[in-house]
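S.K.: I would like to see how this sequence folds:
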Amino acid sequence: MKTFTWACWAARIIAAAIMAQTLYFKFTGAEESVYIFSTVGMEPVGRIAVGILELVASVLLIINATAWLGALLGAGLMAGALGMHATLLGIEVKGDGGYLFCLALIVLICCCWVIFFNRQKINTILSRFRKSRV
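M.R.: Numbers count the residues shown, from 1 in each chain. The predicted structure is shown next:
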């Protein structure tokens, strides 16, 4: 069990760190970020909105009680990013050798591990929500 705990913490930190380090580029309007979000038709509102959501996901991932929620948000954001790479952007963007694609894939894998690790907590919360709606 201790190994799972360490692995979950590592996944949380890796995912949060990668998302947090990309915020600078989104919030400052770096050329590559503007290019990406222009290509997918989401510049500038989408770039800022995605940045805010990634910031929220990063913070939620670090807090024990909300790590599962940050992982769900992060996984959703990275699924969207990978979808954009697969359909509109391509794996390589502006000669990055697929670096951004790989970062998104790493974050998605880390978030999925956190979701898996917290699956019982998520099921408990969902069952409470379902009962309250009946």
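
S.K.: Tell me where the model's unsure across the protein.
M.R.: 1, 134 (pLDDT under 70).

S.K.: Name the nearest residue to residue 68, ignoring sequence neighbours.
M.R.: residue 118 (3.8 Å; C-beta to C-beta, 6 or more residues apart in numbering). Every residue, glycine included, has its C-beta placed from N, CA and C.

S.K.: what's the burial count for that neighbour?
M.R.: Residue 118 has 18 neighbouring residues, counting by other C-beta atoms under 10 Å.

S.K.: can you tell me how far the residue nearest to the spatial centre of the chain sits from residue 62?
M.R.: Most central in the chain under C-alpha atoms, centre = their mean is residue 74, positioned 2.5 Å from the mean C-alpha point. Using C-beta to C-beta, to the nearest Å, residue 74 is found at 11 Å from residue 62.

S.K.: Residue 46 too?
M.R.: Distance from residue 46 to residue 62, by C-beta to C-beta: 25 Å.

S.K.: roughly how far is the strand or helix carrying residue 127 from the heart of the chain?
M.R.: Using DSSP states H and E, residue 127 maps to helix 119-133. Remark: helix 119-133 is offset 23 Å from the chain centroid, using C-alpha atoms, centre = their mean, to the nearest Å.

S.K.: what does stretch 65-77 give?
M.R.: 7 Å.

S.K.: My understanding was that residue 73 contacts residue 53; is that so?
M.R.: Yes: counting by C-beta atoms under 8 Å, residue 53 is a contact partner of residue 73 at 6.5 Å.

S.K.: So for these two, which sits in the more crowded spot?
M.R.: Taking neighbours as other C-beta under 10 Å, residue 73 and residue 53 compare with residue 73 leading, 20 against 16.

S.K.: picking up where we left off before, give me the residues contacting the helix holding residue 127.
M.R.: Contact with helix 119-133 is made by 68, 72, 115, as judged by C-beta atoms under 8 Å, 6 or more residues apart in numbering.

S.K.: Kind regards, and thank you for your time.
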